[in-house]
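**Q** Below is the sequence, then the predicted model.
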Number of protein chains: 2
Amino acid sequence: MYIATYTASANIAVVKYWGKRNEELILPYNNSLSFTMDDNLQTITTVMFSEKFSQDELWLNGKKMDLQKGKKSHVLPVDLLRKKADIDLPVRIVSKNCFPTGAGFASSASGVAALVCATSKALNLTLSGKELSMLARQGSGSASRSVYGGFVEWLKGDLEDGTDSFAQQIAPHDHWPELRNVIAVVETEEKKVSSRHGMKTTTLTSALYEKRLQYLEGVIPKMKEAVLQKDFATFAELTMRESNSMHASMLDTWPPIMYLSDGSREVIYMVEDLNAELGKTVAGYTFDAGPNAHIYTTEEYESVIKERLEKIAHVKNIEVCKVGQGPQQISDEAQFLIDPQNGEPRL
Amino acid sequence: MYIATYTASANIAVVKYWGKRNEELILPYNNSLSFTMDDNLQTITTVMFSEKFSQDELWLNGKKMDLQKGKKSHVLPVDLLRKKADIDLPVRIVSKNCFPTGAGFASSASGVAALVCATSKALNLTLSGKELSMLARQGSGSASRSVYGGFVEWLKGDLEDGTDSFAQQIAPHDHWPELRNVIAVVETEEKKVSSRHGMKTTTLTSALYEKRLQYLEGVIPKMKEAVLQKDFATFAELTMRESNSMHASMLDTWPPIMYLSDGSREVIYMVEDLNAELGKTVAGYTFDAGPNAHIYTTEEYESVIKERLEKIAHVKNIEVCKVGQGPQQISDEAQFLIDPQNGEPRL
């Protein structure tokens, strides 16, 4: 039976991926670092290969997708694995994001990571984390990090063929159990620029971008040390400054990319004020390619941050994540998103 | 009679001054370029020296200011000129901004330029533009440019004593008569960071700032050439990118400086959309240390820009300026802000 189900979770980077040195292979200009989140930001994916199927098919969040039109993120890793296993059968993929309603964001990282793990298992392949990470990378860059739990580094690599560009775990999920990520969903407005297009124009047009890359080379070892030592204040300041640096290089892009809204700025000021009031750094914000804030903090300060966020009119929704343990296989067939008996999707 | 009255206007930079290499002498890290505006953004200042006065006094916009507490921008140039003229008399200064009501911004540039011109005249000094510019610079950096009309460059200079850091006119006010500056006042919220404090922290903390300075070295000659050739498209694109670069280095500052609001972003998108629709660049935005937009355009497109701005909810007020001719002496004593007969301020 060529069927398997996996969950995988989104990761929230503290040194972010923004800019590819190779568009085709998805090779980045800089190493990046992230924490993989817990099951509050999870995707579940079932993959089944069968001679009964007439063609490859994909359902995302209950909706049939046209595999002919793009969806390279899902097609490519499956094709690579199917060739590797030498099993030439049509596939059905059913995938569902279990993100909080109205979270206003969806990460392809968890989806592609779950897909790669489930496909590999369905084909009875035994792959290393490094191999899974490289396959996920070719579907969606940041997915390379979501194949592990805990604290993860994606190495940019130097080789042209990308064989040295993969992620590895720096610390397991239980290394820093008090760590929390408080998510403030501040807007639902449509994103003007896709990440993929945006990062390309940044590398082509921003005069400041090169300096960001130099800056990150110094940040990476400091960030790893701060996390390994659980030095929250250093970790949080580096995180905030790195996020600001990325959004600065976005603003310096032509035409400019502006993801931070008035709501984002209010969250930034709230974090600044809280840290100033307490006389120590207990919270650090970071923003991906969107206006929603991710506030890293520790268990102790989770409730005060939630209270303050609730007072900000622009904040629509608040969620809290812990660090998660990475992709998990689901063995209970009742939970599969495809019926193993007849291959029918359970939407 | 030691009395004189001058008007001077604000200038709107297209390569901006942000960062001092010498705080005391106000010496900048980069050359800057601006257009001096017309009498829509004007300050009028009367200066009078008299043995009848018991002490130096200053009224700004009808309000008596405490000269002991700061106001270095006004005290220092007057003191330097008083010493130069060797006239040891107390001074009264009355100054009024004739900016549109609710414009939400005030530039010290026009005030200090009018002050330096009026003081110099009141003391019967005959100073060159270069001398006036250096004096104004020591009151407020960007005031060094407002002592001229038209298109002006402030040279950063290299000397430690600042004697080579002054402004000069590149083109007179009637060089490009079709040029317009449409001002969109988008917010009235309080500014979180003063320019003076902000630019200092940028130079001390932004990793990207150094790259901005290198970038500007390439921009300056291109911008001058575009203005001299009246090549609007090149001029406007350079202006927008320069503004974005400055706000990027502000965002990269620690703690971050964020002047652009949702309203600012809406104006940016409006300009992008208009240029895209018309298939050519007819408008270029620039933002100083605040959320209000200055849109450079030509007479032909002034009305379409105003129409589009009126549709943006965040835009509170719209004003249009032409390029102005610089400081003007007022000879009609009836318009003086101090009664020449008795030295009483006319508030």
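**A** Received, thanks.

**Q** Pull up the residues of the stretch 201-347 of chain A that are close to chain B.
**A** Counting by C-beta under 8 Å from any C-beta of the partner chain, the stretch 201-347 of chain A comes close to chain B at A:207-208, A:210-212, A:214-215, A:237, A:240-241, A:244-245, A:247-249, A:251-256, A:258, A:260-262, A:265, A:268-269, A:272. For the C-beta atoms, the positions are set from N, CA and C on the backbone; glycine is no exception.

**Q** Out of these, which end up buried?
**A** With burial judged by 16 or more other C-beta atoms under 10 Å in any protein chain shown, the buried subset of those is A:207-208, A:211-212, A:215, A:237, A:240-241, A:244-245, A:247-249, A:251-256, A:258, A:260-262, A:265, A:268, A:272.

**Q** Tell me which of those fall in strands.
**A** In strands, judged by DSSP state E, none of these are found.

**Q** and the gap between residue A:173 and residue A:122?
**A** In this view, residue A:173 and residue A:122 are 25 Å apart by C-beta to C-beta, to the nearest Å.

**Q** Residue A:317 now?
**A** Taking C-beta to C-beta, one finds residue A:317 at 35 Å from residue A:122.

**Q** Which one's more surrounded, these two?
**A** Neighbours per residue, other C-beta atoms under 10 Å in any protein chain shown: of residue A:317 and residue A:122, the larger number sits with residue A:122, 26 against 16.

**Q** Phi first, then psi, for that one.
**A** phi -60, psi -30 (degrees, to the nearest 10).

**Q** For the strand or helix carrying residue A:79, name the packing helices and strands.
**A** Counting by DSSP states H and E, the element that carries residue A:79 is helix A:72-85. Secondary-structure packing of helix A:72-85 (3 or more C-beta pairs under 8 Å, 6 or more residues apart in numbering or on different chains; DSSP states H and E): strand A:91-97, helix A:108-122, helix A:129-139.

**Q** Out of those, flag the one nearest chain B.
**A** Smallest distance to chain B across these (C-beta to the nearest C-beta): 25.2 Å, for helix A:108-122.

**Q** From the centre of chain A, point out the most distant residue.
**A** The C-alpha centroid of chain A is most remote from residue A:52, which lies 34.0 Å away (C-alpha atoms, centre = their mean).

**Q** ok, that residue to chain B distance?
**A** Distance, residue A:52 to chain B, by C-beta to the nearest C-beta, to the nearest Å: 50 Å.

**Q** Would you confirm that that residue belongs to a helix?
**A** No - under DSSP: H, G, I helix; E, B strand; the rest coil, residue A:52 sits outside any helix and is assigned coil.

**Q** which residue sits closest to it in space, ignoring its chain neighbours?
**A** residue A:343 (5.8 Å; C-beta to C-beta, 6 or more residues apart in numbering or on different chains).

**Q** got the contact list for the nearest residue to residue A:161 once chain neighbours are set aside?
**A** Leaving aside its sequence neighbours, residue A:161 sits nearest to residue A:25 (C-beta to C-beta, 6+ apart; 7.4 Å). By C-beta atoms under 8 Å, 6 or more residues apart in numbering or on different chains, the residues touching residue A:25 are A:138, A:161, A:162, A:165.

**Q** Measure how buried the nearest residue to residue A:4 once chain neighbours are set aside is and give me the count.
**A** For residue A:4, ignoring the flanking residues on the chain, the nearest one in space by C-beta to C-beta, 6+ apart is residue A:121 at 3.6 Å. By the measure other C-beta under 10 Å, the count of residues near residue A:121 is 19.

**Q** which ones are touching residue A:121?
**A** Residues near residue A:121 by C-beta under 8 Å, 6+ apart: A:4, A:6, A:47, A:329.

**Q** For burial, what's the neighbour tally of the second one?
**A** By the criterion of other C-beta under 10 Å, residue A:6 has 25 neighbours.
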